[in-house]
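**Student:** Need coordinates for the following:
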Amino acid sequence: MTQPDLCAVLAKHVAATQYESLSADAVEGARQSVLDMLGVMLAAGGMERAVQDVVAIAREEGGVPECSLIGFGGRVSALAAAFANGAMAHALDFDDQTPWGQHSGSAMLPAVFAVAERRAARGTAVSGREMITAIAVGQDLFHRLIANVNWKKDWNFSTAIGVYCATAACARLMRLPTEQVAAAFGIASMQSCGTMAVINATGSDLRALYAAFPARGAVTAALMAEKGISGVPTIFEGSLGIFDIYFQGQYQRERMLDGLGRTFSGGRTLYKQWPAVGTSHSHVHAAIQLVREHAIRPDQIDRIRIFVGDYHRLMCEPLDTRRRPTTLVDAKFSLPYLVAVAAARGAMGLGDFTPDALQDPTVLSLAARIQPVDDASLDWRGELPLGRVEIHLTDGRIVERVGQDVPGSAAAPLGWEGVVRKFIDCAGFAPRTLSRERIEDVHRFLQRMEHQEDATGVLRMVA
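**Tutor:** As a prediction, this is how the structure comes out:
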């Protein structure tokens with residue numbers, strides 16, 4: 001007998017999953033992801049002009065005012081909220097990531113927040129356990145997909161495939177039956193798009209805003225399916241389906257389904273220490289360690305050689321532009337600039353990515369002396385690749401290091417307290433000031449998220 005398309009298999013799994021099936025680390029992963037994402041959204045709203053423009057569009061769209069604009073106040077429709085909050089989610093490149101790179105949360109969480117508030121506004125509260133379950137389902141699906149397909153870094157996985165994981169989470173939160181979850185997957189295919197040109201190019205706001213599109217697409221798909229609109233039952237494995245077109249039919253079905261419904265991998269979600277593309281963090285960590293351990297001042301540095309694999313190389317081209325990025329978005333994907341910040345400061349934070357900070361003469365002088373060196377051993381073949389930094393000093397000494405045990409990695413996770421510190425820091429950049437008491441209320445609320453009768457209460461705290 002022909003095996004059913006993964007569309008049906010995954011839909012049955014999404015509809016059937018209950019909170020009681022989740023492991024403790026999956027619950028913790030969902031809880032931490034909400035706190036991390038709310039902080040990142042708050043900071044993005046205050047720091048990124050393009051986000052503020054999207055919020056203005058959301059306010060102009062009208063619709064039933066049921067959902068919060070994080071950090072800005074006011075309420076808009078679920079679709080508008082998913083779009084605006086989605087624009088915030090990845091704008092600072094500070095959102096969570098997987099051990100293999102890419103981001104499950106930036107599309108999924110804004111969509112989940114919108115669906116949850118819409119449901120609550122219509123008289124059915126969303127409990128903390130329900131929200132945790134929806135997020136855990138979406139995170140686990142994202143991990144199963146990215147770890148078991150032949151992704152060639154051509155399509156933007158976070159949008160093209162992230163929309164399905166966000167759709168799964170929305171469908172679970174809306175309590176859709178199996179048939180409607182399957183329909184939602186098919187409908188989501190109309191929003192499954194985005195190439196890595198958006199990520200690698202310079203001079204575009206889209207790299208910051210891209211999560212807005214799959215977030216809104218997921219909410220749209222779930223709402224349409226709920227109304228009875230049908231999808232494509234062979235959307236994943238059929239001829240000209242997602243796996244055929246996006247991955248040339250190269251995927252590992254058995255591994256994708258191994259433990260489905262029994263093991264949930266959300267606890268493997270990683271939370272960033274620094275607001276920059278994840279593939280830069282090993283180099284950043286190496287540079288910070290070197291200047292701290294050897295007490296190196298910027299004026300003691302003759303040049304810095306950064307050893308780069310295939311994907312790192314994209315973050316160095318064109319070299320002159322990557323040494324002197326002119327926008328917040330480009331700075332976070334410019335490896336020479338990021339290493340220069342790390343070497344000049346011995347640290348890195350949100351304050352290093354303001355318009356004034358981008359003009360810092362000390363950082364720009366160092367960036368001009370950074371030389372990329374190709375090293376195929378650092379190519380991105382699975383999990384996030386390591387980076388190697390070599391600092392040549394004016395006195396003739398050479399110090400070098402590979403950035404291992406990177407803060408925020410699986411080897412050195414931030415943990416709950418680290419995510420709380422990150423949230424507090426991010427809240428300091430929000431478009432509207434949050435009191436110390438309100439900030440404490442947020443992380444205390446989420447620390448007991450599974451006991452909350454109305455999970456949307458935390459969204460009102462930060463809206």
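
**Student:** distance between the ends of stretch 300-313?
**Tutor:** 26 Å (Cα to Cα, to the nearest Å).

**Student:** For the residue sitting furthest away from the middle of the chain, give its distance to Val373.
**Tutor:** Seen from the C-alpha centroid of the chain, the residue lying at the greatest distance (Cα atoms, centre = their mean) is Asp395, 41.9 Å away. Asp395 sits 22 Å away from Val373, going by Cβ to Cβ, to the nearest Å. Placement of C-beta: from N, CA and C, glycine included.

**Student:** same check, this time on Met174
**Tutor:** 51 Å.

**Student:** which one of these two has more residues nearby?
**Tutor:** Met174 (22 against 12; other Cβ atoms under 10 Å).

**Student:** got the contact list for the more buried one?
**Tutor:** Val115, Arg119, Ala222, Glu226 (Cβ atoms under 8 Å, 6 or more residues apart in numbering).

**Student:** Scan those residues and report the most crowded one.
**Tutor:** Ala222 (30 neighbours).

**Student:** I'd say that one and Thr167 touch.
**Tutor:** Yes: taking Cβ atoms under 8 Å as the definition, Ala222 is a contact partner of Thr167 at 6.0 Å.

**Student:** Could you tell me which residues touch both of these two?
**Tutor:** Contacts common to Ala222 and Thr167, judged by Cβ under 8 Å, 6+ apart, are Ala184.

**Student:** what's the pLDDT at the residue nearest to the residue farthest from the centre of the chain when sequence neighbours are not counted?
**Tutor:** Leaving aside its chain neighbours, Asp395 sits nearest to Gln300 (7.3 Å; criterion: Cβ to Cβ, 6 or more residues apart in numbering). pLDDT, Gln300: 98.

**Student:** what do you get for Ile57?
**Tutor:** In this model, Ile57 carries a pLDDT of 97.

**Student:** Just read off the phi/psi values of it.
**Tutor:** phi -60, psi -40 (degrees, to the nearest 10).

**Student:** Quote the end-to-end distance of stretch 146-162.
**Tutor:** Start-to-end, stretch 146-162 (Cα to Cα) is 10 Å.

**Student:** For it, buried residues please.
**Tutor:** Across stretch 146-162, burial judged by 16 or more other Cβ atoms under 10 Å covers 146-149, 151, 153, 155-162.

**Student:** Report the separation between the nearest residue to Gln404 once chain neighbours are set aside and Asp310.
**Tutor:** Leaving aside its sequence neighbours, Gln404 sits nearest to Leu386 (Cβ to Cβ, 6+ apart; 6.6 Å). Distance, Leu386 to Asp310, by Cβ to Cβ: 13 Å.

**Student:** And Ala427, by the same measure?
**Tutor:** 37 Å.

**Student:** Neighbour count: those two, which is higher?
**Tutor:** More crowded of Ala427 and Asp310, by other Cβ under 10 Å: Ala427, with 23 against 15.

**Student:** Would you check how far apart that one and Ile242 are?
**Tutor:** 38 Å.
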